[in-house]
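# just to be clear, the model below is a prediction. Sequence and coordinates:
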Amino acid sequence: MSNDDFDIDQLILDSAKAAAEYDAAENSLEAYEQNQPDLQDRYALRRVKGLSTEMEDVSDAEYRQLRLEKVVLVGVWTEGTAADADNSMKELAALAETAGSEVLEALIQRRDKPDPSTYIGSGKVAEVRQVVIATGADTVVCDGELSPAQLRALEQKVKVKVIDRTALILDIFAQHAKSREGKAQVELAQMTYLLPRLRGWGDSLSRQAGGIGGRGPGETKIETDRRRINDKMAKLRKEIKEMKVARDTKRQERRRNSIPSVAIAGYTNAGKSSLMNRLTNAGVLVENALFATLDPTTRKTTSEDGRVYTLSDTVGFVRHLPHQLVEAFKSTLEEVSGADLIVHVVDGSHPDPHEQIRAVRQVINEIGGGDILEIIAINKADIAPPETLMQLLRENPNSFAFSARTGFGIETLIKAIESSLPQPRVEINTIIPFNRGDLVNKIHERGEILSEDYLPEGTSIHAMVDGGLAKQLESLKS
């Protein structure tokens with residue numbers, strides 16, 4: 001046998017041996033993967049067809065779907081009936097889903113008051129931890145506002161992120177704010193909430209410089225963060241104050257011209273924007289989601305007798321609305337507190353519409369609108385239980401049922417709104433020259449025409465007008 005033949009045979013033997021070793025290793029790896037489901041899942045990841053790594057190729061809905069958090073809801077039932085507690089948890093679940101998460105489980109504990117250290121008792125904390133492990137949840141949402149100490153203690157025990165109802169609502173507002181003013185208001189509210197809850201671990205709480213030469217008086221990292229937040233909050237308040245000037249100017253112009261204003265208020269997702277679109281064709285976003293619209297919309301409309309008035313769609317309310325939001329949105333909520341009439345929209349199909357009415361009235365009282373004339377507009381009459389509608393109509397004297405979807409009761413509601421507008425109190429009986437048609441137009445827009453006739457010397461008008469317009473007409477005679 002030659003050396004060349006020997007080399008070829010040896011090469012064949014080496015190749016066969018290497019192939020056998022490779023097959024054995026591959027079989028061993030496959031058996032290992034089958035006994036390791038976590039690794040198997042990791043290796044099973046594949047690129048999804050049709051999705052690009054460029055963010056502009058992914059819609060907002062798809063992006064939210066990709067980053068869904070898995071949450072467990074936790075509530076403390078301190079008062080009311082079991083149905084009240086269930087309704088509160090259902091609302092929390094709707095808020096969590098609106099924020100872009102998947103609700104896996106909900107737990108309620110019956111207590112006289114929340115536990116001062118962990119919000120829920122130690123036994124329930126252990127149960128929540130077991131539920132988190134069993135479901136694979138990465139967030140716990142509590143149905144209440146937690147103190148910084150409660151938040152920290154609960155996170156340490158359940159080993160996942162913990163947020164409260166206030167943080168959840170602030171997150172929804174941050175997602176839905178579109179205008180410059182709305183974004184500034186939400187950012188201010190978030191920082192007001194965050195400031196007392198700043199916390200850190202390890203180096204985050206140590207002095208900025210350590211070791212030789214770094215000892216002695218100095219700022220900690222958390223103090224630096226706190227100062228920066230305070231500076232940012234001061235800047236935001238200044239910006240909101242400047243934007244408020246423009247809003248106040250428009251409002252004062254309407255008052256100067258004695259144009260009545262109507263504010264549409266109500267619980268979130270009750271149908272305020274749908275009603276606004278029905279009354280004025282405003283084109284406001286309508287979506288079956290909580291806090292879908294945050295930025296107020298004001299539109300001019302005309303009554304059947306020719307009087308001009310404004311309709312304003314305002315931000316939705318919710319039970320336990322965070323005080324940070326009420327403070328930050330004060331310039332927006334002034335549309336409600338400064339209105340001549342409040343149309344309070346109620347969802348008639350909700351399991352507990354009475355609680356919605358109570359929560360909305362509480363916020364209206366907080367912002368100084370408790371004495372304003374109110375119309376209760378009960379929406380979704382087409383799907384609401386008849387007995388609920390009848391009970392609401394009996395309990396609230398100035399109430400009307402309607403459906404923004406079908407149009408049922410809209411005409412009756414419009415007549416009720418127009419008849420509730422403030423009436424001009426000064427009676428005038430004058431002849432206006434034909435070259436002053438602008439005054440005739442103002443009387444039609446701002447007054448109530450009793451009689452009108454055309455004479456050779458001008459237009460004879462008998463009407464009820466406001467004091468400012470009456471002075472203008474009086475000066476015409478002189």
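Right, received. Where do you want to start? Numbers count the residues shown, from 1 in each chain.

# counting neighbours, which bits of stretch 185-204 end up buried?
Across stretch 185-204, burial judged by 16 or more other CB atoms under 10 Å covers 185, 186, 187, 188, 189, 190, 191, 192, 193, 194. Any C-beta I mention is one placed from the backbone N, CA and C, and that applies to glycine too.

# give me the mean pLDDT for that stretch.
Averaging pLDDT along stretch 185-204 yields 75.

# can you give me the neighbour number for the closest residue to residue 117 other than its chain neighbours?
Nearest in space to residue 117, with sequence neighbours left out and distances taken as CB to CB, 6 or more residues apart in numbering, is residue 153 at 5.5 Å. Using other CB atoms under 10 Å, residue 153 has 19 neighbouring residues.

# and if you look at residue 393?
15.

# which element is it on?
For residue 393, the host element (DSSP states H and E) is helix 386-395.

# in terms of secondary structure, what does the following helix or strand past that helix contact?
Downstream of helix 386-395, the next assigned helix or strand under DSSP H and E is strand 399-401. Here strand 399-401 touches strand 373-379, helix 386-395, helix 410-420, going by 3 or more CB pairs under 8 Å, 6 or more residues apart in numbering; DSSP states H and E.

# tell me the most buried of these?
For those, average neighbour numbers computed from mean count of other CB atoms under 10 Å are highest in strand 373-379, which has a mean of 22.

# send me it as PDB with only the CA atoms.
Only the C-alpha atoms of strand 373-379 are listed here, as PDB (Å, rounded to 0.1, in the frame of the first residue of the first chain):
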ATOM      1  CA  LEU A 373     -77.500  74.600  36.500                       C
ATOM      2  CA  GLU A 374     -77.200  71.000  35.500                       C
ATOM      3  CA  ILE A 375     -79.000  68.800  33.000                       C
ATOM      4  CA  ILE A 376     -78.600  65.000  33.400                       C
ATOM      5  CA  ALA A 377     -78.300  63.400  29.900                       C
ATOM      6  CA  ILE A 378     -78.600  59.600  30.200                       C
ATOM      7  CA  ASN A 379     -76.900  58.100  27.200                       C
END
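
# what pairs with that strand, parallel or antiparallel?
Here strand 373-379 is paired, per DSSP bridges, with strand 341-347 (parallel), strand 399-401 (parallel).

# ok, and what's touching it?
Contacts of strand 373-379 with the rest of the structure, by CB atoms under 8 Å, 6 or more residues apart in numbering, involve 266, 270-271, 274-275, 340-348, 353, 357, 384, 389, 392-393, 396, 398-404, 413, 416-417, 420.

# check contacts around residue 77.
Counted by CB under 8 Å, 6+ apart, residue 77 has contacts 85, 108, 109, 110, 111.

# now, of these, which are buried?
Buried positions within the contacts of residue 77, assessed by neighbour count (16+ other CB under 10 Å), are 85, 108, 109.

# could I get these in CSV, plus columns for secondary structure?
As requested, those are exported to CSV (DSSP: H, G, I helix; E, B strand; the rest coil):
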residue, secondary structure
85, helix
108, strand
109, strand
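
# as a markdown table, those with pLDDT and distance to residue 372 would be great.
Supplementary listing: those in a markdown table, determined by pLDDT from 0 to 100; distance: CB to CB, whole Å:
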| residue | pLDDT | distance to residue 372 |
| --- | --- | --- |
| 85 | 87 | 32 |
| 108 | 91 | 37 |
| 109 | 91 | 39 |
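
# out of the contacts of residue 77, which comes closest to residue 440?
Nearest to residue 440 out of those is residue 85 (CB to CB; 60.9 Å).

# my guess is that closest one contacts residue 109. True?
No. With contact defined as CB atoms under 8 Å, residue 85 does not reach residue 109; the gap is 9.8 Å.

# who touches both of those two?
Residues touching both residue 85 and residue 109 (CB under 8 Å, 6+ apart) are 75, 77.

# could you find the closest non-adjacent residue to residue 125?
Closest to residue 125 by CB to CB, 6+ apart is residue 157, at 5.0 Å.

# can you confirm the one you found is in a helix?
Yes. Under three-state DSSP, residue 157 falls within a helix.

# was I right about it contacting residue 132?
No. With contact defined as CB under 8 Å, residue 157 does not reach residue 132; the gap is 10.3 Å.
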